[in-house]
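[1] heads up, no residue letters with this:
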């Protein structure tokens, strides 16, 4: 007999990097379940516009996940406008690609600051709110890249390994407190972050809505982790007991070892332009015309 799903109606959810892509899709999916949602984004104008488009009282706020004061102010405003926080979705992330030797120090620093430090800051601030209440959920946007290594994304993969390690350990530390940690591990998703990158042979590129559905599922069931697509989890677990030479052969056959190194720079131009602003200038995204408002996750 299947376990009854938890209701998300009335739950207050804050989503980082929520203006586009997976963040936006997750907001929409949670709103459909009756949650009260706030989205934070480095682009405050985009956050406000997305919130207005989603409706249902959704709140859009400015957020720099690398700045503790900004993150704290974001969560304070969420609670002021929607009520006590129930769920934090640490979705914000970036993925510049290319040979490791060509990666600038600024890019490496921002990858660590956004993908790792931002998750650490958000998780701690959420726990400060959850611990006195004895309840709450932290959802981490990890990646299959946190379980393997992809040439052309060395530092990115390192940051996602860090998120997986953080999630696993924090879950163990919080066991029995009433506070739950969840992680979702997608393969490359059809967002601007993955623009110009082919999917591995034999794998279908998921949509942001697929990841959003996985997040909803984790919150409803209380499960710790979910791969997207689900069958990828079985492959990752199988590879963990295979000899390395076999795993490397599979990687070559599926072309996973070439995906990021052979990405299309023209297709990634819009994303790279926004990343250049973050790496080399003020942390304000470039306005890029894109009918789907795709972005990182």
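    All right, it came through fine. Just so we're clear, the structure is a prediction, and the values are computed from it rather than from any experiment.

[2] what residues does the nearest residue to residue 204 once chain neighbours are set aside make contact with?
    Of all residues not flanking residue 204 in the chain, residue 229 sits nearest, at 6.9 Å (C-beta to C-beta, 6 or more residues apart in numbering). (C-beta placed from N, C-alpha, C; glycine too.) The contact partners of residue 229, by C-beta atoms under 8 Å, 6 or more residues apart in numbering, come to 187, 203-204, 206, 210.

[3] and after the helix or strand harbouring residue 249, which helix or strand comes next?
    Assigning secondary structure by DSSP states H and E places residue 249 in helix 244-253. The element immediately downstream of helix 244-253 (helix or strand, assigned by DSSP H and E) is helix 269-280.

[4] which helices and strands does that next one pack with?
    Contacts defined by 3 or more C-beta pairs under 8 Å, 6 or more residues apart in numbering; DSSP states H and E place helix 269-280 against helix 105-112.

[5] residues in contact with residue 208?
    Applying C-beta under 8 Å, 6+ apart, one finds that residue 208 lies in contact with 21-22, 24-26, 189-191, 294, 297.

[6] of all those, which comes closest to residue 131?
    residue 26 (24.3 Å; C-beta to C-beta).

[7] buried ones only from the contacts of residue 208, please, as a PyMOL command.
    In PyMOL, this line selects whichever of the contacts of residue 208 come out buried by 16 or more other C-beta atoms under 10 Å:
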select buried, resi 21+22+24+25+26+189+190+191+294+297
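
[8] would CSV of the contacts of residue 208 with pLDDT and secondary structure be doable?
    What follows is the contacts of residue 208, written out as CSV (pLDDT from 0 to 100; DSSP: H, G, I helix; E, B strand; the rest coil):
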residue, pLDDT, secondary structure
21, 95, helix
22, 97, helix
24, 98, helix
25, 98, helix
26, 98, helix
189, 92, coil
190, 87, coil
191, 89, coil
294, 38, coil
297, 38, coil
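
[9] with distance to residue 264 added, can I get the contacts of residue 208 in TSV?
    TSV is the format used below for these (distance: C-beta to C-beta, whole Å):
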residue	distance to residue 264
21	18
22	21
24	24
25	24
26	27
189	17
190	14
191	15
294	15
297	20
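
[10] return the member of the contacts of residue 208 nearest to residue 222.
    When the contacts of residue 208 are ranked by distance to residue 222 (C-beta to C-beta), residue 26 comes first, at 17.6 Å.

[11] can you count the residues close to residue 31?
    Residue 31 has 18 neighbours, counted by other C-beta atoms under 10 Å.

[12] for the closest residue to it other than its chain neighbours, give me the pLDDT.
    Distances taken as C-beta to C-beta, 6+ apart place residue 56 nearest to residue 31, at 4.8 Å, with adjacent residues excluded. Residue 56 is assigned 96 on the pLDDT scale.

[13] my guess is residue 56 meets residue 33, correct?
    No: here residue 56 lies out of contact with residue 33, judged by C-beta atoms under 8 Å, at a distance of 10.9 Å.

[14] which one of these two is surrounded by more residues?
    residue 33 (17 against 14).

[15] now that one: closest residue in space that isn't a chain neighbour?
    Residue nearest to residue 33 in three dimensions, not counting chain neighbours: residue 8, with 4.1 Å by C-beta to C-beta, 6+ apart.

[16] what do you get for residue 162?
    Counting by C-beta to C-beta, 6+ apart, the residue nearest residue 162 is residue 116, at 4.7 Å.
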